[in-house]
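**Q** Give the three-dimensional model of this entry:
(chains A and B)
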Amino acid sequence: MKQNDVLIRGEHLTKVFGYGKQKTTAVEDVSFAFHEGEIISIVGESGSGKTTLAKMIMGLLKESSGSIEYMGKPRQLKRHGDRKRYWKNIQAIFQDPFSSFNLFYKVEKLLLDCIKLQGVNLTKEEQLRKMKEACSFVNLKFEELHNKYPFELSGGQMQRLMIARIFMLHPKLLIADEPTSMVDACSRSTILDMLLKLRDENNMTIIFITHDVGLAYYVSDTLYIMEQGKVVERGPAEEVILNPQHPYTQQLISDVPKIHSEWDLA
Amino acid sequence: MNSSFRILIKSPKFMFGACMLLAMIGLILIYPLFNRNDPLEMIALAYQPPDSKLLLGSDNFGRDLFLELIYGIRTSLQVGLIAGVFATVIGLVIGLASGYIGGMIDNLLTAITNIFIVIPSFVILILISVSIDSRSSFVTAVIIGITSWPWTARAVRAQTSSLRNRDHVNIAKISGYSTPRIILSEILPYIASYVVMAFVLQTASGILSEASISMLGLGPYNTISLGIIMNWALVFEAPVAGAWWAFIPAAISIAIITFSLYMMNTGMDEIFNPKIRS
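**A** As a prediction, the model looks like this:
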């Protein structure tokens, strides 16, 4: 595990939805420090607040209280320009590839937008070369895809395109919100391998959000276990899995069938 | 967009409604080219029954009712379209703002929308019409438009607030899209078919509302509309005189136009509404 500088740090993050009687606290007093090149898994059941936490880190939701520091400075998201700069370095892959695409535009536009976000002026040939490179990284053929609409692709192909998008953007931090839960088993391991490869090449920090403890153990350096909006246990993956302290963690692990033998084969 | 138009053409209901409407529009565009008389010119005695010269007879002032009907349909369609545009645009803007921004603004706009839904719009329509001195057909259309937007606003708000949380909107956000661009490219295409359908319905109900308030004598001055023809027939006691040709053709025209618009809407609904489609 590479323990370099802290990339992003959250202090006492809380997110409250609604008010009055309908008030729900989705995330309660969560603090974290994620380092460069680290793979962190946030594990928890549905409704434990892991996606809300991810959206706050992404800057898509405003935190009710607490603060987030990015590269040692409090992050600024007030102006559109600030957010754009932030999103050059913080990117995400979402759970459902089918809803991640705008059905009214061709696949090509997704990749062209990445070039636009980076703000570099490229000629047509250079753009084409970049897009081809990104597609071949995820084992897709740009020539076959660029003229298609998203609904003509399979879920696995869509999710791999989302990774191609990340490959083009080279963000410092990637938030992967259950990226494999809606694709078939074959695509699952390739997608995981691609993410790990991206980490190795770019020293990218990956926040992996999942409800699958086994998967989390397989990919990550650090584990955060969340229950009802709170982080109940955290630490190096080995330690948390092999020597769980909190009853919820113990229950999560015992619920996974044959975790060790399963993943040793992989 | 092109492909959905091609699917629409295959729907018999939509095509039936569209053909009927186009035939009507064709008639009102072409007939005045052959018969260049002024529809308000008195050319016969009062309540002449239909014959070979006057296709639908004459009204109480001895005017050619068929020519009046043609001009009346033209005005009614115009009023309906203008009212439809106003109602759809206002409903769309309020619905999008309320659904996309959310929070307090959503609560406020939803409250306003609900207030407008609760008060019968016909009452507002009558009150505004009475209080305005000069009423052209355009003013009447605008008044109808600003009293009939709430249902569009409510439906657009519901769809927008569910679309807003979809992942492709989040992807657009983190790809650095500005808010107007997200609404334009990520939200509007998804609700476009609904908006077109709402527009067709609003146009139909605009024509009906115009006919209703014109029959009460609160419609536009200085023009002929289907409602005004019916108003004249009522005021000058055509039913008593047995002059059915003074009001039945106008009523049937209103029925045909609204029926064709509703048919188009039903055809579109079957295609664009996935629940009915499957």
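
**Q** Burial check on residue B:88, number of neighbours?
**A** 24 (other Cβ atoms under 10 Å in any protein chain shown). No exception for glycine: its C-beta is placed from N, CA and C like everyone else's.

**Q** Same question for residue B:66.
**A** 17.

**Q** what residues are up against it?
**A** B:54, B:55, B:56, B:249 (Cβ atoms under 8 Å, 6 or more residues apart in numbering or on different chains).

**Q** Chain B versus residue A:222, what's the distance?
**A** As judged by Cβ to the nearest Cβ, to the nearest Å, residue A:222 and chain B stand 24 Å apart.

**Q** unless I'm mixing things up, that residue is touching residue A:37, no?
**A** No: judged on Cβ atoms under 8 Å, residue A:222 makes no contact with residue A:37 at a distance of 11.5 Å.

**Q** And those two? Which one has more around it.
**A** residue A:222 (24 against 20).

**Q** returning to what we had before: just the buried subset of the contacts of residue B:66, written out for PyMOL, thanks.
**A** Paste this into PyMOL to select the buried members of the contacts of residue B:66, with burial taken from 16 or more other Cβ atoms under 10 Å in any protein chain shown:
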select buried, chain B and resi 54+56+249
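
**Q** Relative to residue B:75, which of the contacts of residue B:66 is nearest.
**A** If you rank those by distance to residue B:75 using Cβ to Cβ, residue B:249 comes first, at 15.2 Å.

**Q** Let me know the secondary structure of the closest one.
**A** Three-state call for residue B:249 (DSSP: H, G, I helix; E, B strand; the rest coil): helix.

**Q** wait, what's in contact with it?
**A** Counted by Cβ under 8 Å, 6+ apart, residue B:249 has contacts B:56, B:65, B:66, B:69.

**Q** repeat that with 10 Å
**A** Residues counted as contacts of residue B:249 (Cβ atoms under 10 Å, 6 or more residues apart in numbering or on different chains) are B:50, B:55, B:56, B:57, B:65, B:66, B:68, B:69, B:72, B:226, B:229.

**Q** And the pLDDT for it?
**A** Looking at residue B:249, its pLDDT reads 91.

**Q** Output the set of residues of chain B in proximity to chain A.
**A** Applying Cβ under 10 Å from any Cβ of the partner chain, we find that chain B lies next to chain A at B:1, B:3, B:163, B:165-179, B:185-190, B:192.

**Q** Select only the buried ones of the contacts of residue B:249 in ChimeraX?
**A** This is how ChimeraX selects the buried members of the contacts of residue B:249, with burial counted by 16+ other Cβ under 10 Å:
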select /B:56,57,65,66,68,69,72,226,229
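
**Q** so how far is the first residue of stretch A:168-177 from its last?
**A** Distance across stretch A:168-177, first residue to last, is 19 Å (Cα to Cα, to the nearest Å).

**Q** and if you look at stretch A:66-74?
**A** Criterion Cα to Cα; first-to-last residue distance in stretch A:66-74 is 11 Å.

**Q** again, but for stretch A:54-72
**A** End-to-end span of stretch A:54-72 (Cα to Cα): 19 Å.

**Q** quick one: it near chain B?
**A** Yes: against chain B, stretch A:54-72 shows contacts by Cβ under 10 Å from any Cβ at A:55, A:58, A:59, A:60.

**Q** Mind picking the two most distant members of those residues?
**A** A:55 and A:59 (8.2 Å).

**Q** Any idea how many residues pack against residue A:74?
**A** Neighbour count for residue A:74, taken as other Cβ under 10 Å: 10.

**Q** residues in contact with it?
**A** Residue A:74 touches A:9, A:11, A:67, A:68, counting by Cβ under 10 Å, 6+ apart.

**Q** what about residue B:110, distance to residue B:159?
**A** As defined by Cβ to Cβ, to the nearest Å, residue B:110 lies at a distance of 14 Å from residue B:159.

**Q** and if you look at residue A:231?
**A** Distance, residue A:231 to residue B:159, using Cβ to Cβ: 36 Å.

**Q** Looking at those two, which is more packed in?
**A** Shown here are residue A:231 and residue B:159; by other Cβ under 10 Å, residue A:231 has more neighbours (22 against 18).

**Q** Could you look up the SS state of that one?
**A** Under three-state DSSP, the three-state class of residue A:231 is strand.

**Q** what's the answer for residue B:48, then?
**A** Residue B:48 ends up coil, using three-state DSSP.

**Q** Contacts only, for the residue lying closest to it once chain neighbours are set aside.
**A** With Cβ to Cβ, 6 or more residues apart in numbering or on different chains as the criterion, residue B:48 has its nearest non-adjacent residue at 4.2 Å, and that residue is residue B:58. Contact partners of residue B:58, counting by Cβ under 10 Å, 6+ apart, are B:42-51, B:64-66, B:68, B:243, B:245-246.

**Q** next one: residue B:169
**A** A:60, A:99, A:100, A:102, B:100, B:163, B:177, B:182, B:183, B:186, B:187, B:190.

**Q** Select from the residues you listed every entry located in strands.
**A** Nothing among the contacts of residue B:169 maps onto strands, per DSSP state E.

**Q** which residues touch residue 255?
**A** Assuming you mean chain A. A:45, A:213.

**Q** my bad, the chain I had in mind was chain B
**A** residue B:208.
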